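In: please work out how this folds:
(2 chains)
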Amino acid sequence: MPSRDIESIYNACSRMVYWAAYSVTRKESDAMDAMQNTFLRAMAHMDQLQQMNDAQLKAWLYRVAVNLCKDALRKQRWEAPAEELPEPSVESAYDLPEAAAVSAAERAQIRAAIDRLPDIYRETVLLHYFSGCDYKEIARLMHTTEGNVKSRISRAKQRLYSILKEGGEDCG
Amino acid sequence: MADKMDALLESIGQEANAKIDFDGALAQILAKAKEQDTEAILEAEKARRSRRRTRQFRTIASMAAGAVVILGAALLLLDPLLLGMGATSGSDAAAPEAVLYSAAEDSTAAAPSLAAAAPEEASLYEEPAAEGAASADQSVAPQVSSSSRITEDAGESQDSIFYGQDSLATPEGDMEGQFCYIGTTDGAAALAALEDMGYTAQLLPEEEAQPQLAAGEAWIAQGGGSSALAGGLALWNTGEAGYLRLNAPGRTQEQIYNLLLSL
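Out: Numbering: from 1, shown residues only, chains lettered A, B, ... in the order given. Sure thing, here's the model as predicted:
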């Protein structure tokens, strides 16, 4: 078991922790606070963390971050109503531009669309595309299978298409 | 289309990550950790001080309690007022005895006069017997023993028997005498007994009552002198029967006291 220090753990896991926290809070400042508190706890439990392998360490950090965020939300008595989005049609007419050609306004629109995704899809998207976790890691963190993760990613993308299409139509 | 969305989301993710100051966050985390460590050390120090203070307080309190207990016990042992027991009050009571005893010693020291008086008393005592009154002889006999007892006790008994001195108006005039306690009795029977022994005695009428004498108390004139009026007179409050006057010329106070006591 390699000896770890807090900086190496932070460099390896900070993005994952941040976006896991963001998926719950949907606020950058709250996510940042949660991430800092998570690593402070990690520093307090370094002896315990030294005994873990990488996967266990990430799972521990993820669980602590999510729990801290949920506790904070409970304290704030703030519950964001989960918006039930209509099931998107499989055939989408929205023609997505190349990534480089997407304007800042459109990027912001996509970010907003991600925030509007149901919790389970939003969390999966953020962990995969923002924190860089692969399907296997996400499956382990969320206690599910890789197939489920892939399915959630696929459905999340379909929903994003749908949201963007509605937005494009509204703009057009 | 899916590839485009993947590329777009990855691009947006990288952009979002670039906006986040992870290095600054790490610095803040380390600073907070240091702050928490300092606070923890201070808290631990404060807790240690508090524990030490509590320990010191307990020690001082227990010492104080122990001192109070010891002091209290000492006070109880030493202070007779707090103790309220007979041991020390007995010693207090012993003081007057000591004074009386020393007075007795003093009276013994003044023995020449007493010793000189003794033969005279003895002769006076023997006179009634010598006069040939058989009844008197019989009555005197017990008195001899009691008298001798008093004589053995010398001045000590006199001091302890008599406790006050006053002059009373008598048919013979005002006479000095001392008070003693005899006790109450049937006055008529006492009178009869005295008369049987050859003494002159009488129960006083109501108007001659002596209010100075409480029930059972007697006043005996100081006698022993050569004068016929000196001594030999006693007034006794016998109780319900009233006051009894005894004329016993030539008898000392102790002899009269023992006589009355024998009734």
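In: same question for the stretch of helix or strand residue A:71 belongs to, mean pLDDT?
Out: Per DSSP states H and E, residue A:71 falls inside helix A:54-76. For helix A:54-76, mean pLDDT rounds to 91.
In: briefly note if the next helix or strand after that helix comes near chain B.
Out: Counting by DSSP H and E, the next helix or strand C-terminal to helix A:54-76 is helix A:104-116. Yes. On the criterion C-beta under 8 Å from any C-beta of the partner chain, helix A:104-116 is in touch with chain B at A:107, A:110, A:111, A:114. (Each C-beta comes from the backbone N, C-alpha and C, glycine too.)
In: is the helix holding residue A:71 in proximity to chain B?
Out: No. Counting by C-beta under 8 Å from any C-beta, chain B has no neighbours in helix A:54-76; the shortest distance is 12.7 Å.
In: buried ones in that helix, by neighbour count?
Out: Of all the residues in helix A:54-76, those buried under the rule 16 or more other C-beta atoms under 10 Å in any protein chain shown are A:57-62, A:64-66, A:68-69, A:72-73.
In: find the residue closest to residue 26 in space, skipping its chain neighbours.
Out: Let's take chain A. Spatial nearest neighbour of residue A:26, excluding adjacent residues (C-beta to C-beta, 6 or more residues apart in numbering or on different chains): residue A:115 at 5.4 Å.
In: meant chain B, my bad for not saying
Out: residue A:10 (5.3 Å).
In: any chance you could map the strands in the stretch 101-250 of chain B?
Out: In the stretch 101-250 of chain B, the strands defined using DSSP state E, counting those that start in this stretch lie at B:164-170, B:173-181, B:200-203, B:217-221, B:233-237, B:243-247.
In: now those strands in TSV, with distance to residue A:43, mean neighbour count and mean pLDDT?
Out: Listed next are these as TSV, based on distance: least, C-beta to C-beta, whole Å; neighbours: other C-beta atoms under 10 Å in any protein chain shown; pLDDT from 0 to 100:
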stretch	distance to residue A:43	mean neighbour count	mean pLDDT
strand B:164-170	101	13	74
strand B:173-181	100	16	81
strand B:200-203	117	15	86
strand B:217-221	103	25	85
strand B:233-237	107	25	86
strand B:243-247	112	20	86
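In: what count of nearby residues applies to residue A:37?
Out: 19 (other C-beta atoms under 10 Å in any protein chain shown).
In: tell me the residues of chain B that contact chain A?
Out: For chain B, the residues in contact with chain A (C-beta under 8 Å from any C-beta) are B:1-2, B:4-13, B:15-17, B:20, B:22, B:25-26, B:28-30, B:32-33, B:36.
In: hang on, the earlier thing: list buried residues within the residues of helix A:104-116 next to chain B.
Out: The neighbour count (16+ other C-beta under 10 Å) marks A:107, A:110, A:114 as buried among the residues of helix A:104-116 next to chain B.
In: let me see the contact set for the closest residue to the second one other than its chain neighbours.
Out: Spatially, and ignoring its direct neighbours in sequence, residue A:110 is nearest to residue B:12 (5.8 Å; C-beta to C-beta, 6+ apart). Residue B:12 sits next to A:107, A:110, A:111, A:129, A:130 when contact means C-beta atoms under 8 Å, 6 or more residues apart in numbering or on different chains.
In: equivalent analysis for residue A:126, please.
Out: Residues near residue A:126 by C-beta under 8 Å, 6+ apart: A:19, A:20, A:22, A:23, A:114, B:13.
In: three-state assignment of the last one?
Out: The three-state label for residue B:13, taken from DSSP: H, G, I helix; E, B strand; the rest coil, comes out as helix.
In: out of the strands of the stretch 101-250 of chain B, nearest to residue A:148?
Out: Comparing those by their distance to residue A:148 (C-beta to C-beta), the top pick is strand B:173-181, with 119.8 Å.
In: which regions of the stretch 51-200 of chain B lie under the pLDDT threshold?
Out: B:81-160, B:171-172 (pLDDT under 70).
In: would you pull up the residue in it closest to chain A?
Out: Chain A sits closest to residue B:51 of the stretch 51-200 of chain B, with a gap of 23.1 Å, by C-beta to the nearest C-beta.
In: what separation do you get for that residue and residue B:40?
Out: Distance, residue B:51 to residue B:40, by C-beta to C-beta, to the nearest Å: 16 Å.
In: returning to that earlier point: got JSON lines for the residues of helix A:104-116 next to chain B, with distance to residue B:214 and pLDDT too?
Out: Output for the residues of helix A:104-116 next to chain B, formatted as JSON lines (distance: C-beta to C-beta, whole Å; pLDDT from 0 to 100):
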{"residue": "A:107", "distance to residue B:214": "126", "pLDDT": "82"}
{"residue": "A:110", "distance to residue B:214": "125", "pLDDT": "86"}
{"residue": "A:111", "distance to residue B:214": "121", "pLDDT": "88"}
{"residue": "A:114", "distance to residue B:214": "120", "pLDDT": "91"}
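In: could you identify the most distant pair in the residues you listed?
Out: Maximum distance among these (C-beta to C-beta): 10.7 Å, for A:107 and A:114.
In: which residues are contacting stretch A:42-62?
Out: By C-beta under 8 Å, 6+ apart, the residues outside stretch A:42-62 that reach it are A:1, A:3-4, A:6, A:9, A:12-13, A:16-17, A:20, A:38-39, A:64, A:137, A:140-141, B:29, B:33.
In: recalculate using a threshold of 7 Å.
Out: For stretch A:42-62, contacts defined as C-beta atoms under 7 Å, 6 or more residues apart in numbering or on different chains pick out A:1, A:3-4, A:6, A:9, A:13, A:16-17, A:20, A:38, A:137, A:140-141, B:33.
In: what does stretch B:44-58 give?
Out: The contact list for stretch B:44-58, computed with C-beta under 7 Å, 6+ apart, is empty.
In: then stretch B:17-36?
Out: Applying C-beta under 7 Å, 6+ apart, the contact partners of stretch B:17-36 are A:7, A:10, A:14, A:15, A:18, A:32, A:35, A:36, A:39, A:40, A:43, A:130.
In: give the buried residues for it.
Out: B:17, B:20, B:22, B:25, B:26, B:29, B:30, B:33.
In: so the first one, which of the three states?
Out: Assigned with three-state DSSP, residue B:17 falls in the helix class.
In: confidence score at it?
Out: The model reports residue B:17 with a pLDDT of 91.
In: give me every residue in chain A lying close to chain B.
Out: A:7, A:10, A:14-15, A:18, A:32, A:35-36, A:39-40, A:43, A:96, A:98-99, A:102, A:107, A:110-111, A:125, A:129-130, A:157, A:160 (C-beta under 7 Å from any C-beta of the partner chain).
In: PyMOL command for the buried members of those?
Out: Buried subset of the residues of chain A next to chain B, written as a PyMOL selection, criterion 16+ other C-beta under 10 Å:
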select buried, chain A and resi 10+14+15+18+32+35+36+39+40+43+96+99+102+107+110+125+129+130+157+160
